[in-house]
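Any chance you could fold what I've pasted below:
(one chain, ligands or ions: 2)
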Amino acid sequence: MGMENIKEGDVEIEVHEGRSYDKEVFYNPKMEFDRNLSVVVVSVFGPRKVCDALSASGIRGIRYKKEADASEVWLNDANLKASRLIHDNMRKNSLCGEIRNKDAAVLLREEDFDFIDLDPFGSPAEFLDSAAGSIRSGGLIGVTATDTSSFFGTYPRVSRRRYGRKSMKTGYNKELGLRILVSAVIESLGRYKKTFYPKICYFREHYARIFGKVAKGGKEVQENFRNFGYISHCFSCGWRDSGFYKNCKYCGNQTEVVNVYMGKLNNQNFCRAVAEECGKRGFDEESEMVNNLTEDMEVPYHHDIHYIAKKHTIPVKKTESIIERLCECGYKTKKSVYSPTAVKTEAPFDKVVEMIK
Ligand SMILES: C[S@@+](CC[C@H](N)C(=O)[O-])C[C@H]1O[C@@H](n2cnc3c(N)ncnc32)[C@H](O)[C@@H]1O
Ligand SMILES: [Zn+2]
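Ligands and ions are numbered 1, 2, ... in the order given. This is a model prediction of the structure:
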C-alpha cells in the first residue's frame, strides 16, 4: 500500500493511501474537527503528562506535543505497523515522545497520566477501568465512542452490557446517550475513589466525545453520585419526567426508567475559554459549536417537537413558536443545544403537548 502526505493543523504526517478502514494503519480525515477541538481542550487545560493511548498514525499525540505544548507525550498502539508509523511521523516533525506498542490497558496499568485520550474503534468500554486506575487527581480524560447505535438507543441491551444501563430511543436519545457514557466513566472512576466532572460533551456525525476533569477522594465520589437520578419515559405518549415513575402520568401506561448522571454536561467557563482559544486559532466551526454548548439549560432532556407531534398525531409546529408560547406562560424555555427541532423547558410535558396542539 502506498503512502501519502497529510497536513493537519501545524503538523505533517504520512498515512497509508485508501479509505480509513482499509488502511493498514487507521487515519480518518473527517475527525480533523474533533482533533482540532481536542488540541485546544488540552492546550487550555494544560496537562503535563499526556497519553494518546490508541494512537494509530500518531496524529493526535503529535498535535498535542506540537500545538498544545504538552511537555511529555506518550503515544501507543497495539498494532506494530502503527507504532512504527508513529516513530516515523514523530521524526518527520522533529518531535520527541514515548512511543509504545502495547495493549492500552497494559500501558495504563503501568503508568500514571495527567491526560488520557481514548479514541478507539467503536466502544471505549473495555478501556475505562484501566484509564480510571491510571488518571491522576486533577487530570483530564477525553473519550470518543463511535458505537452510537448502542448508547443512542438502537441496541439497548448492548448499552447495558457496555455502559451499565439500557439506552432508550426517545427523541432526546442522543443527550441521554452522552449521559450514559458520562455515567459509565463516573462509575469506573468511583471504583478507584476518583470521580469525573464533565467539561465538554457533544456528538457529531458518527461519534460522541466527552471530556471531564478528575478529582480524587471518597467525599468527592459520593457528592458526584448525588447528581445521578432517574428519567422515566413513556413510549406510548412520549411523556417523560425526572424521577422514578412506574406508570406514565399522562396516559397511565407503563414506563421505562433509566438511572443516569443528571448534572451539567458542559462547564460554561471551560467551554468559553475553549471557544475563545478555538477562535484565536481559526477553528471557527469548532468555536461556534462549543459556544453553543454554553447555552445548555439545566434540564436533563429536551422535547423534540417532531417526536411528540408524531406520538400524538398532530402537525409539527415551528420550534420558535413553541418557545415563544411557553415563555409567555412563564416557563423558562430555550432551543436545545443538541437539536434544532427540540426545546428545553421548565414546563411539564402536558404543557408542551398543549402548545404543540
Ligand atoms: C480509531 S483508531 C485511533 C485513531 C487516532 N486516535 C486518530 O485520531 O487518528 C483506534 C486504534 O486503536 C488501536 N487499538 C485497538 N485495540 C487496541 C488496544 N487494546 N490497545 C492499543 N491499541 C489498540 C488500533 O490499532 C487503532 O490504530
Ligand atoms: Zn404515556
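
what stretches of the stretch 101-250 of the chain score poorly on pLDDT?
Within the stretch 101-250 of the chain, not a single segment meets pLDDT under 70.

Run through the strands of it in chain order.
Assigned by DSSP state E, counting those that start in this stretch, the stretch 101-250 of the chain shows strands spanning 113-118, 135-145, 194-204, 207-216, 228-233, 240-242.

roughly how far is the first one from the heart of the chain?
Put simply, strand 113-118 sits 15 Å off its chain's centre (CA atoms, centre = their mean, to the nearest Å).

Check the fourth one too.
Going by CA atoms, centre = their mean, the spacing between the C-alpha centre of strand 207-216 and its chain's C-alpha centre is 7 Å.

try the fifth one
Between the mean C-alpha location of strand 228-233 and the chain-wide mean there is a distance of 20 Å, by CA atoms, centre = their mean.

quick one: contacts of that strand?
168, 170, 176, 183, 186, 239-246, 248, 255-262, 300-301 (CB atoms under 8 Å, 6 or more residues apart in numbering). In this view, the C-beta of every residue, glycine as well, is placed from N, C-alpha and C.

One more: the fourth one?
When contacts are taken as CB under 8 Å, 6+ apart, the neighbours of strand 207-216 outside the stretch itself are 31, 34, 37-38, 41, 45, 135-146, 148, 151, 174, 177-178, 181-182, 185, 189, 193-203, 265.

again, but for the second one
By CB under 8 Å, 6+ apart, the residues outside strand 135-145 that reach it are 34, 38, 41-42, 45, 47, 49, 112-120, 122-124, 128, 131, 151, 181, 185, 189, 194, 196, 199, 207-217.

mind running it again at 7 Å?
38, 41, 45, 47, 112-119, 123-124, 131, 151, 181, 185, 194, 196, 207-216 (CB atoms under 7 Å, 6 or more residues apart in numbering).

Contact residues of this structure facing ligand 2?
Where the chain comes near ligand 2, counting by CB under 5 Å from the ion, the residues are C234, S236, C237, W239, C248, Y250, C251, N253.

so which of those is the most crowded?
Tallying neighbours with other CB atoms under 10 Å puts W239 at the head of these, with 25 neighbours.

C248 is in contact with that one, correct?
Yes. Using CB atoms under 7 Å, W239 is in contact with C248, at 4.8 Å.

I'd say G9 and E67 touch.
Yes. In this structure, G9 is within contact of E67 by CB under 7 Å, at 5.4 Å.

where do the contact lists of those two overlap?
Common contact partners of G9 and E67 (CB under 7 Å, 6+ apart): V39.

E320 - how many residues pack around it?
Other residues near E320 come to 10 when the count uses other CB under 10 Å.

Give me the three-state assignment for it.
Of the three states, E320 takes helix under DSSP: H, G, I helix; E, B strand; the rest coil.

Ligand 1 next: which of the contacts of strand 135-145 are close?
Near ligand 1, judged by CB under 6 Å from any ligand atom, the entries from the contacts of strand 135-145 are D119.

are any of the contacts of strand 135-145 buried, and which?
Buried subset of the contacts of strand 135-145 (neighbour count, 16 or more other CB atoms under 10 Å): 38, 41, 45, 47, 113-119, 123-124, 131, 151, 181, 185, 194, 196, 207-216.

Just give me the neighbour total for V73.
Residues near V73, counting by other CB under 10 Å: 28.

Looks to me like it is in a helix.
No. Membership of V73 in a helix is not supported by three-state DSSP, which gives strand.

so who does it touch?
Per CB under 7 Å, 6+ apart, neighbours of V73: V50, D52, G61, Y64, K65, G97.

try it again with 6 Å
V73 sits next to V50, G61, Y64, K65, G97 when contact means CB atoms under 6 Å, 6 or more residues apart in numbering.

V44 now?
Counting by CB under 6 Å, 6+ apart, V44 has contacts A273, V274, E277.

On the three-state scheme, it is what?
Assigned by three-state DSSP, the conformation of V44 is helix.

Kindly provide the distance from it to D114.
The gap separating V44 from D114 is 14 Å, by CB to CB, to the nearest Å.

Where does A78 sit: helix, strand or coil?
What three-state DSSP gives for A78 is coil.

Next, count neighbours for it.
When neighbours are counted by other CB under 10 Å, A78 registers 17.

before we move on, what about D69?
So D69, with other CB under 10 Å, has 10 neighbours.

and what of R281?
Applying other CB under 10 Å, we find 17 residues neighbouring R281.

one step back: for the contacts of V44, which one is nearest A82?
V274 (28.6 Å; CB to CB).

how big is the angle separating the host helix or strand of the closest one from strand 207-216?
If you go by DSSP states H and E, V274 is part of helix 268-280. Orientation check (axes from the mean of the first three to the mean of the last three CA atoms, to 10 degrees): helix 268-280 against strand 207-216 gives 130 degrees.

From the contact counts, what lies against helix 268-280?
Counting by 3 or more CB pairs under 6 Å, 6 or more residues apart in numbering; DSSP states H and E, the packing neighbours recorded for helix 268-280 are helix 32-45, helix 284-293.

Output that helix as PDB, nothing but the C-alphas.
Extracted in PDB, the C-alpha atoms of helix 268-280 (Å, rounded to 0.1, in the frame of the first residue of the first chain):
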ATOM      1  CA  GLN A 268     -19.600  27.200  31.000                       C
ATOM      2  CA  ASN A 269     -16.300  28.800  32.000                       C
ATOM      3  CA  PHE A 270     -14.300  26.000  30.400                       C
ATOM      4  CA  CYS A 271     -16.400  26.000  27.200                       C
ATOM      5  CA  ARG A 272     -16.000  29.800  26.900                       C
ATOM      6  CA  ALA A 273     -12.200  29.500  27.300                       C
ATOM      7  CA  VAL A 274     -12.000  26.700  24.700                       C
ATOM      8  CA  ALA A 275     -14.300  28.600  22.300                       C
ATOM      9  CA  GLU A 276     -12.200  31.700  22.600                       C
ATOM     10  CA  GLU A 277      -9.000  29.800  22.000                       C
ATOM     11  CA  CYS A 278     -10.600  27.900  19.000                       C
ATOM     12  CA  GLY A 279     -11.400  31.300  17.600                       C
ATOM     13  CA  LYS A 280      -7.800  32.600  18.000                       C
END
